[in-house]
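The amino acid sequence is not available; the structure is as follows:
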């Protein structure tokens, strides 16, 4: 089975992964030498239960007219899910594991498609150019011309594109970002050994093998450097850590205690999933040369504290290894992916039968779902995408209308991170704030005016 890269990007109605939606999807499939094979672009119709975020509209500048055309979300997700799950596909983008991948995971889940199979099934996998770029910045800086904004290096894709002439076009257009990401990947791949090493960071087996080779403190606790863009340029995107081991319940998580603060009073824990960032490196002089004398001194003081305080340290370790994410009562089904867990093979087969049926035939399959959440999600799929199919079924139309009225009433609904679904009132307030705080051009003003009218008629 030959492998391919699927470089992709999405533009969305907002940042809430549970309640917002994809508006534009773009992808270019390449071979492993980054030669283009095919490209795809999908515009997605706005769902009747989604309000676009005013701030997001100003960024991607997709008009309401464009949002009200294109594929319905269900059919768009069916096509995207197929691209991601084509055997041998490595889905990759720029900071996609930080946002896009999880956003699509919830989009797949909401539309009854398997949300995780693109991560492991059929020889598929994921990568992310952004954490790879951080590593090049630290250890192979000659590979890229680094943009400097106001005296500081920036890793924003649009600035990297301008400095390195990766592609032509408008930033924050999905296809533009895909082309720029491929151009950047071609620069990085010229350093072949570095590229191959970093590709291994996104392979669970390779990542785990590298973990096992790390050195130990007192033959008990592994020490390492974690590299991640979220740590910031002031820290050279890295923190020294000591390992707490694998989580007792979430088996793909390893836990790491930061040595960047006084651990006698504050324990800051990083969770690392195998095959994802942060990138794990040995705490050797070769990799830790960016640590200042002050950071090294604090690290050594913390290690000395560990030597002398095994009891308290073991208590901290066991607490974090046992910690479980709390169950959230009355969580909306669109936000419940992590709470409901994996569905049974039997229920997945029913989902597959649902996908294979016509819109009208799907109605007869609703009562086949023994899981009440799946049935409720299926009704939402029909109501959002095929309202005419349930119009003659009074009980289904009433159930979806009840849900829609609840959303449009502005009832405060939160996701698993306690992030609120955007309400009409909050959206109009955001528009007024943007008008007051930003110097809008004519095009941006027109976008907000159009959006304001849409909200008021919602």
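It's in. Note that the structure is a prediction, hence the values are computed from the model and not measured.

Can you tell me how far the residue of the chain most remote from its centre is from residue 315?
In the chain, counting by Cα atoms, centre = their mean, residue 308 sits farthest out from the average C-alpha position, at 40.4 Å. According to Cβ to Cβ, to the nearest Å, residue 308 stands 15 Å off from residue 315. Yep, even glycine has a C-beta here, placed from its N, CA and C like the rest.

Then residue 431?
50 Å.

neighbour-wise, which of the two wins?
Using other Cβ atoms under 10 Å, the more surrounded residue of residue 431 and residue 315 is residue 431, with 20 against 12.

buried ones in the strand or helix carrying the more buried one?
Residue 431 belongs to helix 424-437 when assigned by DSSP states H and E. Using 16 or more other Cβ atoms under 10 Å as the test for burial, helix 424-437 gives 424, 426, 427, 428, 430, 431, 434, 435.

what about the strands in the stretch 251-400 of the chain?
Ranges of strands in the stretch 251-400 of the chain, per DSSP state E, counting those that start in this stretch, are 253-258, 269-273, 279-282.

Neighbouring strands of the shortest one in the sheet, and parallel or not?
It stands for strand 279-282. strand 221-227 (antiparallel) (DSSP bridges).

Could you do the second one as well?
Here the strand partners of strand 269-273, with direction, are listed using DSSP bridges: strand 253-258 (antiparallel).

how many neighbours does residue 242 have?
Neighbours of residue 242 (other Cβ under 10 Å): 23.

One more: the one 5 residues further on?
Residue 247 has 18 neighbours, counted by other Cβ under 10 Å.

show me the contacts for it.
Residue 247 makes contacts with 253, 254, 255, 271, 320, 321, as judged by Cβ atoms under 8 Å, 6 or more residues apart in numbering.

mind putting the strands of the stretch 251-400 of the chain in JSON lines, distance to residue 396, mean neighbour count and mean pLDDT included?
Shown next, in JSON lines, are these (distance: least, Cβ to Cβ, whole Å; neighbours: other Cβ atoms under 10 Å; pLDDT from 0 to 100):
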{"stretch": "strand 253-258", "distance to residue 396": "40", "mean neighbour count": "20", "mean pLDDT": "96"}
{"stretch": "strand 269-273", "distance to residue 396": "39", "mean neighbour count": "17", "mean pLDDT": "95"}
{"stretch": "strand 279-282", "distance to residue 396": "49", "mean neighbour count": "20", "mean pLDDT": "96"}
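
which one of those strands lies closest to residue 418?
Of all the strands of the stretch 251-400 of the chain, it is strand 269-273 that lies closest to residue 418, at 18.7 Å by Cβ to Cβ.

Residues in contact with the closest one: which ones?
By Cβ under 8 Å, 6+ apart, strand 269-273 touches 226, 239, 241, 244, 247, 252-258, 278, 280, 320.

Kindly report the same for stretch 409-427.
Contacts for stretch 409-427 (Cβ under 8 Å, 6+ apart): 14, 16-20, 51, 53-54, 328, 331-332, 335-339, 407-408, 451, 455-456, 458.

now the helices: where do they sit in the stretch 151-300 of the chain?
157-164, 174-189, 192-200, 204-212, 285-288, 293-308 (DSSP state H, counting those that start in this stretch).

cool, and the stretch 1-150 of the chain?
Going by DSSP H, counting those that start in this stretch, the stretch 1-150 of the chain shows helices at 54-60, 64-67, 73-84, 100-110, 129-139.

what is the rounded mean pLDDT of the longest one?
Confidence for helix 73-84, expressed as mean pLDDT, is 98.

Parallel or antiparallel, which strands does the lowest-mean-pLDDT helix or strand in the chain pair with?
Here the helix or strand of the chain ranked lowest by mean pLDDT, DSSP states H and E is strand 216-217, holding a mean of 86. Strand pairing for strand 216-217, using DSSP bridges, gives strand 221-227 (antiparallel).

and residue 70, what does it touch?
Applying Cβ under 8 Å, 6+ apart, the residues near residue 70 are 42, 43, 44, 45, 76.

So for residue 397, which of the strands of the stretch 251-400 of the chain sits nearest?
So among the strands of the stretch 251-400 of the chain, strand 269-273 is nearest, using Cβ to Cβ, at 42.0 Å.

The closest one versus helix 204-212: what angle between them?
Comparing the axes of strand 269-273 and helix 204-212 via axes from the mean of the first three to the mean of the last three Cα atoms, to 10 degrees yields an angle of 140 degrees.
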